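Novice: structure for this input, please:
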Amino acid sequence: MKRYIQVGTGGFGRYWCRGIYPRFADLAQPVAAVDINPEVHCNAVEYLKLPLERCYTDVKRAMDENTADFAVVVVPPGFHEAVIDEALAHGMDIVCEKPLADTMEACIRICRKVKAAGRKLVVTMSHRYEIEKQTVEDMVKSGRYGKLNYLISRLTMKRGFQRSRFPDPTHLLTGGLVHNLDTARGICGCNAKTVFADCWTFEDGQGATGESSLVQAVMENGVRVSFEESFANATTLNKWSDEYLRAECADGTIVADNRKITVENHRGYPFPLKADVPLQDKAFWDHALIVREFIGWLDGGEPPVTQLEDNIQCCAMLFAAVESARTGKAVDVQEFLKGYMESK
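Specialist: Now for the predicted structure:
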């Protein structure tokens with residue numbers, strides 16, 4: 001049984017305590033929890049069943065006083081690096097919420113520190129691990145529907161949704177689209193070559209505003225991907241975890257829409273004109289599956305696909321898109337990453 005310390009018990013940390021921990025409780029148990037706001041320690045007491053004396057406001061003290069195998073980092077991205085530094089200093093491996101950090105510079109620093117310490121880190125790219133995304137990915141990679149031509153991704157919600165969370169339109173990318181970028185990397189089976197992003201704030205003339213973004217990417221295998229993300233619409237079409245995906249393959253159009261999958265083709269037998277596709281059948285998905293694979297990795301198994309060395313490519317695609325949105329120019333993702341990797 002592995003032991004861990006959860007850093008962050010308010011906000012999404014509450015969901016980790018209440019909804020995620022029970023799905024890997026047979027493999028790991030919490031020994032301490034940390035949050036700078038003592039008022040949210042109640043979440044660790046109620047859901048993690050920790051005594052109040054094992055709830056801390058200081059991460060160093062928590063790690064000094066409690067031996068653990070890994071840390072779960074569920075604080076805002078700008079604070080990830082400081083928490084990871086403490087975890088590494090205490091000889092711990094790390095499960096980190098997305099994105100890895102709030103800047104590309106910080107992502108590279110974290111990558112170097114983790115490698116130097118010889119530790120393991122996985123990023124919870126949970127949407128990529130959701131049931132319909134994994135089903136679509138396996139369908140595309142099976143080859144049954146021919147070569148993948150291009151991919152469409154959509155995450156759109158009504159105007160005003162979480163307005164205060166995204167005061168800068170580019171925050172749509174770091175706060176949400178990062179999931180869709182990594183999902184596309186999984187389906188395409190490769191990294192991004194170039195990315196172009198357009199982000200803006202829409203005002204409807206009656207006081208309601210919202211942020212929108214349209215992102216175009218060319219993958220290293222030549223597949224084109226189009227991303228639509230908006231919190232400025234009149235209605236919600238595809239909310240968090242219910243994103244729309246359309247994979248246009250040579251012998252089939254695969255569509256995932258609000259967790260329902262269909263495949264359509266007009267080339268005749270043996271392909272169906274249109275068919276519903278059953279979702280994969282597994283006991284665990286999203287965060288729980290990532291953490292369970294991570295624990296297996298600690299025990300000598302294969303690393304999850306969202307482990308650090310792979311995720312740094314997701315970080316590069318993300319922050320190259322942010323750079324594109326700010327400059328109005330397409331960005332070569334691999335050159336962008338190389339520039340940071342070669343920097344001191």
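Novice: can you give me the helices for this structure?
Specialist: When assigned using DSSP state H, the helices of the chain occupy the ranges 12-15, 41-47, 59-65, 80-89, 104-117, 131-142, 171-172, 178-188, 286-298, 308-327, 333-341.
Novice: next, format these as TSV and append mean neighbour count and mean pLDDT.
Specialist: (C-beta placed from N, C-alpha, C; glycine too.) Compiled in TSV, the helices of the chain are given as follows (neighbours: other CB atoms under 10 Å; pLDDT from 0 to 100):
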stretch	mean neighbour count	mean pLDDT
helix 12-15	18	98
helix 41-47	19	98
helix 59-65	18	98
helix 80-89	21	98
helix 104-117	18	98
helix 131-142	19	97
helix 171-172	23	85
helix 178-188	26	97
helix 286-298	21	98
helix 308-327	22	97
helix 333-341	17	97
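Novice: nearest to Cys199, out of these?
Specialist: Smallest distance to Cys199 across those (CB to CB): 4.4 Å, for helix 308-327.
Novice: and the angle from the closest one to helix 178-188?
Specialist: Angular relation of helix 308-327 and helix 178-188 on a 0 to 180 degree scale: 120 degrees, by axes from the mean of the first three to the mean of the last three CA atoms, to 10 degrees.
Novice: helices or strands up against helix 308-327?
Specialist: If contacts are counted by 3 or more CB pairs under 8 Å, 6 or more residues apart in numbering; DSSP states H and E, helix 308-327 sits against helix 104-117, strand 121-124, helix 178-188, strand 192-203, strand 209-219, strand 331-332, helix 333-341.
Novice: pairing partners for the shortest one, with directions?
Specialist: The strands beside strand 331-332 in its sheet (DSSP bridges) come out as strand 192-203 (antiparallel).
Novice: so what touches the partner strand?
Specialist: Outside of strand 192-203, the residues that reach it under the criterion CB atoms under 8 Å, 6 or more residues apart in numbering are 159, 169-170, 172-173, 181, 185, 209-220, 230, 232, 313, 316-317, 320-322, 324-325, 329-334.
Novice: the same query, at a cut-off of 7 Å, please.
Specialist: For strand 192-203, the external contacting residues (CB atoms under 7 Å, 6 or more residues apart in numbering) are 169-170, 172-173, 209-220, 232, 317, 320-321, 324-325, 330-334.
Novice: what does stretch 249-260 contact?
Specialist: By CB under 7 Å, 6+ apart, the residues outside stretch 249-260 that reach it are 131-132, 136, 139-140, 145-149, 238, 242, 244-247, 261-265, 267, 271.
Novice: try it again with 8 Å
Specialist: Stretch 249-260 has contacts (CB under 8 Å, 6+ apart) with 131-133, 135-136, 139-140, 144-149, 238, 241-247, 261-265, 267, 271, 276-277, 279.
Novice: Leu155 reaches Asn180, doesn't it?
Specialist: Yes. Counting by CB atoms under 8 Å, Asn180 is a contact partner of Leu155 at 6.1 Å.
Novice: burial check on the closest residue to Cys249 other than its chain neighbours, number of neighbours?
Specialist: Nearest residue to Cys249, sequence neighbours excluded (CB to CB, 6 or more residues apart in numbering): Tyr145, at 4.0 Å. By the other CB atoms under 10 Å criterion, the neighbourhood of Tyr145 contains 19 residues.
Novice: right, and Tyr145 touches Met139 too?
Specialist: Yes. Under the criterion of CB under 8 Å, Tyr145 makes contact with Met139 at 6.5 Å.
Novice: Met125: which of the helices of the chain is closest?
Specialist: Each of the helices of the chain was checked against Met125 via CB to CB, and the shortest separation belongs to helix 178-188, namely 4.6 Å.
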